[in-house]
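> quick one: sequence plus predicted model below, questions after.
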Amino acid sequence: MHLQAFVIGGFVRDLLLHRDNKQDIDIVVLGSGIDFAHAVAAKLGGDVPVKFFKNFGTAMLNFHGWKIEFVGARKESYRRNSRKPIVENGTLEDDQNRRDFTINAMALDLTEQKYGQLVDPFNGIRDLKDKIIRTPLDADITFSDDPLRMMRAIRFATQLNFTIEQSCFEAIRRNAERISIVSKERVSDEFNLIIQSAMPSKGFKMLDETGILKLIFPEFCELKGAEIIDGKGHKDNFYHTLAVLDNVALVSDNLWLRWAAILHDIAKPLTKKFIQGTGWTFHAHEFKGAKMVPHIFRNLKLPLNEKMKYVEKLVLLHLRPIVLAGDVVTDSAVRRLLFEAGDDIDDLMLLCNADITSKNPDKVKRFMANFIIVRQKLQEIEEKDQLRNWQPPITGEVIMQTFGIPPSKSVGIIKDAITEAILEGAIPNDYEAAYRLMIAEGEKLGFIKRDT
Ligand code: CTP
């Protein structure tokens, strides 16, 4: 087609960093990106479908698992998800000028004569070496083109373990309020990428220092600070939570487990009390915290589905293994925990382990030792009673049939009594024993077994 084309952006950056790329290639064309994409598809065999968006001058095709995007070089700012159509075609330099960071503005020539040559007008390669995030233009302009780039700067710095150049960082601080014009979905996508990094606390601290955190997630900033009364202080729950989050990140990639870490103490500021003679208490913060989860998820446009339920459950149960470990570990307490946590018991144990951030080595040693006992007991009882996803041996149906009663509160009362008795170890986990108890509990409520 006698057109010049270049690979640009993330692919080039990751190639130079020897970093795994998500199999995304962006190609910028000095001409029509859409026509070029069709020509490439034809060359690849003709049966490769091209998706294109005329308004934006972009086209996309999938090839052997690679997502290849084509765009004509433009003078306008380059933005994904922008609703504004492109206005003016530009040169490669124009296009590179309007990209977010020097390390994302590098291009590799694809023309035959210069194949593989790096076009790097802002010395992105030096910034890659020095591990610096910097904007090609004045940072105020780059960020006003798309304020989400402020979060992208923090995300790249966290993911790649880079530093944001001072004046760029100042610009984020200055423009932080502008994050409010970005859609919440885009904000939470970036936020989740920060959370999925190897050391998410780094990103949280930058979000906090720039003022973005309190705009997007004010509840988290409430965790900050350690009050002292009568010489007694409590830990700063902001830094404690970040330590727990980093600990979880060391052992699991599960984004939702990381969210459980972020939210496990979220209700501490609301439940905090100083009681003379006792000191600081955060009574029932796990219940209140679990109740806050849907509200926070809704605000951040996170999914309101089983992922949220999972986070709620872990927040609610996060103290249980610790309480167990601090006490004599009884079978019934372990059985109850297994019953309530179900399949999420292993994740709960990871969270609890991560929650031990005390600087007191004796305390840590004691907890760890007891934790081993809790784990052993969990395993023992699990093997014996198989309580994961357990259902009591007597169903509501059986209760209704036995006493000839309709669905009612009484059915629940009888069923709960059976569940309780089994969890407490008062009766064995089998049908006969549960049946006998059902008859006794029914009689207490005035029901008589029907003759069948
Ligand atoms: N870009 C930009 N401003 C944005 C988003 C993207 O300038 N707000 C440009 C950058 O040049 C970026 C390229 O578009 O490199 C591709 O964007 P994207 O796929 O979102 O990011 P990547 O850099 O590929 O990084 P990652 O895949 O890790 O998201």
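Now that the structure is in, tell me what you want to look at.
> now do the closest residue to residue 132 other than its chain neighbours against residue 148, distance only.
Ranked by C-beta to C-beta, 6 or more residues apart in numbering and with sequence neighbours excluded, the top spatial neighbour of residue 132 is residue 165, at 5.4 Å. Bear in mind the C-beta positions are built from the backbone N, C-alpha and C, glycine included. Taking C-beta to C-beta, to the nearest Å as the measure, residue 165 falls 19 Å from residue 148.
> and residue 333, by the same measure?
With C-beta to C-beta as the criterion, residue 333 and residue 148 are 47 Å apart.
> which one's more surrounded, those two?
residue 148 (23 against 19; other C-beta atoms under 10 Å).
> now do that one, the pLDDT please.
Note for residue 148: predicted pLDDT of 97.
> pretty sure it sits against residue 188.
No. If you go by C-beta atoms under 8 Å, residue 148 and residue 188 don't touch, sitting 11.0 Å apart.
> same for the helix or strand bottoming out on mean pLDDT in the chain, what does it pack against?
Least confident helix or strand of the chain, by mean pLDDT, DSSP states H and E, is helix 320-325 with a mean of 80. When contacts are defined as 3 or more C-beta pairs under 8 Å, 6 or more residues apart in numbering; DSSP states H and E, helix 320-325 packs onto helix 331-341, helix 345-354, helix 361-385.
> for the ones you listed, give me CSV that also has mean pLDDT and distance to residue 277.
CSV is the format used below for those (pLDDT from 0 to 100; distance: least, C-beta to C-beta, whole Å):
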stretch, mean pLDDT, distance to residue 277
helix 331-341, 88, 28
helix 345-354, 95, 28
helix 361-385, 84, 21
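> got those as CSV, with distance to residue 311 columns?
Formatted as CSV, those follow (distance: least, C-beta to C-beta, whole Å):
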stretch, distance to residue 311
helix 331-341, 13
helix 345-354, 10
helix 361-385, 21
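> can you tell me which of these comes nearest to residue 133?
helix 345-354 (28.6 Å; C-beta to C-beta).
> what does the stretch 151-300 of the chain put close to the ligand?
residue 152 (C-beta under 6 Å from any ligand atom).
> how many residues are close by residue 202?
Residue 202: 18 neighbours (other C-beta under 10 Å).
> and the residue of the stretch 201-350 of the chain found nearest the ligand, its phi and psi?
Residue nearest to the ligand within the stretch 201-350 of the chain (C-beta to the nearest ligand atom): residue 203, separated by 13.7 Å. With angles defined as degrees, to the nearest 10, residue 203 sits at phi -70, psi -40.
> pretty sure it contacts residue 190?
No. Judged on C-beta under 8 Å, residue 203 makes no contact with residue 190 at a distance of 9.5 Å.
> which one's more surrounded, those two?
It is residue 203, of residue 203 and residue 190, that has more neighbours when counted by other C-beta under 10 Å, with 25 against 22.
> the residue nearest to residue 266 when sequence neighbours are not counted: which element?
Excluding its sequence neighbours, the residue lying closest to residue 266 (C-beta to C-beta, 6+ apart) is residue 289, at 4.8 Å. Following DSSP states H and E, one finds residue 289 within helix 285-299.
> give me the residues contacting the next helix or strand after that helix.
Next helix or strand after helix 285-299 toward the C-terminus (DSSP H and E): helix 306-317. Identification of contacts with helix 306-317 by C-beta atoms under 8 Å, 6 or more residues apart in numbering yields 256-257, 259-260, 263-264, 266, 286-287, 289-290, 293-294, 297, 302, 337, 340-341, 344, 347-348, 351.
> pLDDT score for the nearest residue in space to residue 445 that is not next to it in sequence?
Among residues not flanking residue 445 along the chain, residue 410 sits closest, at 5.3 Å (C-beta to C-beta, 6+ apart). The model reports residue 410 with a pLDDT of 96.
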